[in-house]
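Trainee: Fold the following and give me the result.
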Amino acid sequence: MKYKAVIFDLYETLITEWGHKKYTKSEMSSDLGIDSEKFDLYWDEKEEDRYMGKINFTDSILYVMEKCGGHIESPALSRMVDKRIETKSQCFEYVNPDIYRLLEELKRRELRLAVISNCSSDEVQVIRQTKIYGYFDQITLSYEVGMKKPDHDIYKKCCDLLGVDTNECIFVGDGGSNELEGARMVGMKAIQAKWYTNQLPYKRASKDGFIIAEEPYDILQHIE
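Mentor: Next up is the predicted model:
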């Protein structure tokens, strides 16, 4: 079968969060001057809502402070937002050069390109300002569409925007959030990307029953 589109996951597929500074939950709790266990409890409570577009990063911080009986002044809150944006932006500076070469080759072959990502408001802001953004015909972000992987509807939404059927698409992802299973269930060919996760402190296992791509250019073997 000749495929018409390749859809990528974002984190640990196109870019990686490893190898550079991150604004961690422990740092955020320290900046707020509250107990880390309490911060984690209330921050994690809103994780689903952050991905589904029901609450943004700023309001998540305010929610945690309210639950902890604290208060944060606007300048301090702005500094936290800036830290978050800065560290998320750095992810896009750690792109395997072969990713760009792969995207260029896929475009040369006239394939439609897209991204499906589970992401929060701060990540949405960053993604649209990056170099890699310009390679894609569609970017489907959970925060904007109110659905997230592995919900079948987010894959279908992306395909509708691309103007292709799900069975005409290849989905490439590291395998988090059961994204490969979700892609396969809607009829996509699903490929596990290992080029970043192989370098993590713990090497992520290959998923049984899925095509494995150890390097970006391995994707080209499965286009036709």
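
Trainee: so which strand or helix has the most far-flung residue of the chain relative to its centre?
Mentor: Distance from the centre of the chain peaks at Gly69, with 32.3 Å (CA atoms, centre = their mean). Using DSSP states H and E, Gly69 maps to neither a helix nor a strand.

Trainee: One more: Thr140?
Mentor: Going by DSSP H and E, Thr140 is in strand 138-141.

Trainee: need the longest helix for this structure.
Mentor: Longest helix of the chain, by residue count under DSSP state H: helix 74-90.

Trainee: Which other helices and strands does it contact?
Mentor: Contacts defined by 3 or more CB pairs under 8 Å, 6 or more residues apart in numbering; DSSP states H and E place helix 74-90 against helix 25-32, helix 57-67, helix 121-127. The way it works is simple: take the backbone N, C-alpha and C, and place the C-beta from them, glycine included.

Trainee: any chance of those in CSV, plus mean neighbour count and distance to Ile7?
Mentor: Listed next are the helices and strands packed on helix 74-90 as CSV, based on neighbours: other CB atoms under 10 Å; distance: least, CB to CB, whole Å:
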stretch, mean neighbour count, distance to Ile7
helix 25-32, 16, 30
helix 57-67, 18, 26
helix 121-127, 21, 15
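
Trainee: how about those, which one is nearest Leu111?
Mentor: Leu111 lies closest to helix 121-127 among the helices and strands packed on helix 74-90, at 20.6 Å (CB to CB).

Trainee: CA atoms only for the helix or strand bottoming out on mean pLDDT in the chain, dumped as PDB, please.
Mentor: Sorting the helices and strands of the chain by mean pLDDT, DSSP states H and E puts helix 121-127 at the bottom, at a mean of 93. The C-alpha coordinates for helix 121-127 follow below in PDB (Å, rounded to 0.1, in the frame of the first residue of the first chain):
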ATOM      1  CA  SER A 121      -0.700  25.500  27.300                       C
ATOM      2  CA  ASP A 122       3.000  26.300  27.800                       C
ATOM      3  CA  GLU A 123       4.000  23.700  25.300                       C
ATOM      4  CA  VAL A 124       1.500  25.000  22.800                       C
ATOM      5  CA  GLN A 125       3.000  28.500  23.000                       C
ATOM      6  CA  VAL A 126       6.500  27.100  22.400                       C
ATOM      7  CA  ILE A 127       5.700  24.700  19.600                       C
END
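
Trainee: List the contacts of that helix.
Mentor: For helix 121-127, contacts defined as CB atoms under 8 Å, 6 or more residues apart in numbering pick out 10, 50, 53, 56-58, 81, 84-85, 88-89, 91-92, 117, 119, 133, 139, 141, 143-144.
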